[in-house]
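**Q** Mind folding the following:
(2 chains)
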Amino acid sequence: MSTSLKTPLLFAVVAAMIIATGQMQSWNTALQILNFGLISAIMALGVNLQWGFAGLFNVGIMGFVALGGLATVIVSMPPTTEAWSAGGLRILLGLAMGAATIVAGILLWARLPRGRMRGLVVAAVLVLGFALFRMVFDGGVSAVEAVNPASTGYLGGLGLPILLAWPLGGVLAAGAAWIIGKTALGLRSDYLAIATLGIAEIIIAVMKNEDWLARGVKNVIGLPRPLPYEVDLQQDPGFAATATSLGLDPVTASTLYVKLGYSALFTVVLVVLLVLAQRALHSPWGRMMRAIRDNEVAAEAMGKDVTRRHLQIFILGSAVCGIAGAMMTTLDSQLTPGAYQPLRFTFLIWVMVIVGGSGNNLGSVLGGFLIWFLWVQVEPVGLWALELLTSGMAEDNALRMHLIDSAAHMRLLTMGVVLLLVLRFSPKGLLPEK
Amino acid sequence: MEFLNAFVALSNFVLIPAIAYGSQLALGALGVTLIYGILRFSNFAHGDTMAFGTMATVLITWWFQSMGVSFGPLPTALLALPFGIAVCAAFVLLTDRGIYRFYRRVKAKPIILVMASLGVMFIMNGLVRFIIGPDDQRFADGARFIVTAGEFKKMTGLSEGLALKSTQAITLVTAIVVVAALFWFLNKTRTGKSMRAYSDNEDLALLSGINPERVVMVTWLIVAGLATIAGVLYGLDKSFKPFTYFQLLLPIFASAIVGGLGNPLGAIAGGFVIAFSEVMVTYAWKKVAGYLLPEAWAPDGLVQLMSTDYKFAVSFAILLIVLLFKPTGLFKGKSV
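**A** Here you go, the predicted model:
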């Protein structure tokens, strides 16, 4: 089958699966799958930029996604004025001093002549800087965290509309990517993988422990929404009348309305990013990227600065993941750092990219939808299969109860099998790169 | 006296735990480094291989315990360990036959093998959670301590106690035995030599008639053994939780890379470097400083450089520093 026909056909299959979910389970579930599918598709698009275009193996997607989530808190929550006056400036001063120490260390290392003196001076500056940083920073942190710890205890945000968090999430992720890229991109591919894996864990550790930033594991709940609340809609007589005229009861109609609103917002972002990615892929820049991916030595011989180009695309791809992360936290309307798990936020996205077809933007989008659908639906299907399998056993049979309890873990198993099957029998994915 | 007290406190909270943790990391890193040396890819499923082997051992331990079999003062898990290794080895060989062998045949790029290992990681992770559940499991039995803090104080008359958990001693002894056996195998036996030859130069090894499939099979067997032992020792020392084992991947990789990927000696050194830095950076030095410094200088705070939640950050920072200054690791590693 020609690829031009295959692409719309496969997308139609996924659409049919989501519609079938709506018909058979509920439209709320179907729209939920659609919304998370849209977000997953954007993440997959970001990873495809790095892997499909440039062959960079990034396993720290979770970290960039989490930074996007952090951006929503920073942008949208009201500022805690009390905390700011208690120690906000002190924290900022401490952070600035910490950053200055690192910059001073790097500059000294670069400027001073080689020798033992250089090592000693740099070490002394770093140690002294760290001690000063802790002295200033710790006081600020304890002052801020003491401010009404049950409900705030953090600096709060800027109180701006939450939609602004989406680009800011991208910027935060891009900043983190710049730091990682600067240190790790010159190294071999596996080292980049380990470096990104590590940085993602560290970002999550910071978000879990720095309560002054976003309340850590105490979570920030009740983020503002870009769309009206269901309760308000239900009380709006105009909305209720429209719903009834459509033959829906107002409660269901309001949840569907909000979810559809999110779908519309997400679709706009996805389409914009997809168009940009497609344009990039078919531009001279995109061809250069793929040429670098296929033969770094030749590209270097042609005068291309491979490390710089890699840094560029690494930042771009990470920024896309950050945007998706901010969108996801907006949809959840809460930030729960404990919920970020590498299997779900890093490796699942990889399965999407590989199954969809690395190097093909539409393929990644398809993979995002398809794998997300499987991820959600494997659990009920697995439960049903296990119940069928064990239906001959007694109700209180230990094995039967254990199997049914464990049905939730079927999804990991299924994802592994799907990934291995695609890698083995269709290594280019469902929609191969042309 | 003050100095002795400081040293005892340091041993109790830093040296002994770091040595035990370092041995566990070293065993894990040896597995990663062997796979990298022979099969030439970074095995992301290693943490879950450890979890799988440990799970098998835990289940067999429970079975032994239910039958009343015990190992005296030693944990029953040591009796179950050989069976756990066998189960793990069987599974790992199965994954090699079913998955990795194909990519070796078609001479796939190393990164494809890494992807395949991601798939294996998912499957193993899912299987472990499916069989034993995602929760904490304790399976240690036998004597808990060789010396408790109280006994030590009475014995020496010092005001600081030194507790030596039996699991820590077992970890160290087992690690020394295993590492000695491994090095003897790699350096003295014919199979071990052929493994090293294959790792150094694949083409020359093939020319001299070494059977690559056999080398690969032996490697997987050794790796399964190392992973299971490392996992069981870690589980005895702390506790068994599938997610923790998955997370061990980072310090283990850091150890292997810091030491130089593909270099067994480096993996051991790397394991201890990472373990010691993690423990020392996250330890609150107040007590030790209080003994050593004059009273007027005694610190007010905990003198903890970083909170314990940042231990990953430590292994990561060490990794970056070593990579920036010695890109192939402390001992010369290889690169594909």
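**Q** tell me, what residue is most central in chain A?
**A** Nearest to the mean C-alpha position of chain A, counting by Cα atoms, centre = their mean, stands residue A:65 at 2.5 Å.
**Q** For the chain, which segments are assigned as strands?
**A** Went with chain A since none was named. A:220-221, A:334-335 (DSSP state E).
**Q** The intended chain is chain B.
**A** Taking DSSP E as the criterion, chain B contains strands spanning B:145-147, B:164-165.
**Q** Name the stretch among those that sits most buried.
**A** strand B:164-165 (a mean of 19; mean count of other Cβ atoms under 10 Å in any protein chain shown). From N, CA and C alone the C-beta is placed, and that goes for glycine too.
**Q** what packs against that strand?
**A** Here strand B:164-165 touches strand B:145-147, going by 3 or more Cβ pairs under 8 Å, 6 or more residues apart in numbering or on different chains; DSSP states H and E.
**Q** And the average pLDDT for the strand it packs on is what?
**A** Averaged across strand B:145-147, pLDDT comes to 85.
**Q** how far out from the middle of the chain is it?
**A** Strand B:145-147 sits 23 Å away from the centroid of its parent chain (Cα atoms, centre = their mean, to the nearest Å).
**Q** And stretch B:265-274, by the same measure?
**A** Between the centre of stretch B:265-274 and the centre of its chain there are 10 Å (Cα atoms, centre = their mean).
**Q** swap in stretch A:95-106?
**A** 28 Å.
**Q** same thing with stretch B:304-324?
**A** Mean C-alpha position of stretch B:304-324 versus that of the full chain (Cα atoms, centre = their mean) differs by 18 Å.
**Q** Stretch A:47-60 now?
**A** Centroid displacement of stretch A:47-60 relative to its chain, using Cα atoms, centre = their mean, is 14 Å.
**Q** interface residues of the stretch 1-150 of chain A facing chain B?
**A** Counting by Cβ under 8 Å from any Cβ of the partner chain, the positions of the stretch 1-150 of chain A adjacent to chain B are A:55, A:57, A:59, A:130, A:138.
**Q** Take these and lay them out in TSV including pLDDT and neighbour count.
**A** Rendered in TSV, the data for the residues of the stretch 1-150 of chain A next to chain B read as follows (pLDDT from 0 to 100; neighbours: other Cβ atoms under 10 Å in any protein chain shown):
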residue	pLDDT	neighbour count
A:55	88	20
A:57	90	19
A:59	90	24
A:130	90	16
A:138	87	15
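**Q** I'd like to know which of those is nearest to chain B.
**A** Of all the residues of the stretch 1-150 of chain A next to chain B, the one with the least separation from chain B (Cβ to the nearest Cβ) is residue A:57, at 6.1 Å.
**Q** That closest one - nearest residue in space that isn't next to it in sequence?
**A** What sits nearest to residue A:57 in space, not counting adjacent residues and going by Cβ to Cβ, 6 or more residues apart in numbering or on different chains, is residue A:193, at 4.7 Å.
**Q** and that neighbour, what does it touch?
**A** Going by Cβ atoms under 8 Å, 6 or more residues apart in numbering or on different chains, residue A:193 touches A:57, A:58, A:59, B:42, B:114.
**Q** Filter these down to the ones in helices?
**A** residue B:114 (DSSP state H).
**Q** Dump the contacts of residue A:193 to TSV, plus distance to residue A:148.
**A** Formatted as TSV, the contacts of residue A:193 follow (distance: Cβ to Cβ, whole Å):
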residue	distance to residue A:148
A:57	44
A:58	39
A:59	39
B:42	47
B:114	48
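**Q** quick one: low-confidence parts of chain A?
**A** Per-residue confidence of chain A (counting by pLDDT under 70) places the weak regions at A:1-3.
**Q** what's the domain layout of it?
**A** The domain map for chain A lists A:3-79+A:156-425, A:80-155, with the assignment taken from automatic domain parsing.
**Q** Please work out how many residues are found near the closest residue to residue A:68 other than its chain neighbours.
**A** Ranked by Cβ to Cβ, 6+ apart and with sequence neighbours excluded, the top spatial neighbour of residue A:68 is residue A:325, at 2.5 Å. By the other Cβ atoms under 10 Å in any protein chain shown criterion, the neighbourhood of residue A:325 contains 34 residues.
**Q** residue contacts, residue A:325?
**A** Shown in contact with residue A:325 (Cβ under 8 Å, 6+ apart): A:43, A:64, A:65, A:66, A:67, A:68, A:69, A:71, A:169, A:173.
**Q** and the gap between it and chain B?
**A** Residue A:325 sits 20 Å away from chain B, taking Cβ to the nearest Cβ, to the nearest Å as the criterion.
**Q** now do residue A:288
**A** From residue A:288 over to chain B the distance is 21 Å, taken as Cβ to the nearest Cβ.
**Q** Please verify my assumption that that residue contacts residue A:300.
**A** No. Under the criterion of Cβ atoms under 8 Å, residue A:288 lies out of contact with residue A:300, with a separation of 11.9 Å.
**Q** Can you tell me which residues in the stretch 301-434 of chain A are near chain B?
**A** On the criterion Cβ under 8 Å from any Cβ, chain B has as its neighbours in the stretch 301-434 of chain A the residues A:341-343, A:347, A:350-351, A:354, A:405-406, A:409-417, A:419-420, A:423-424, A:427.
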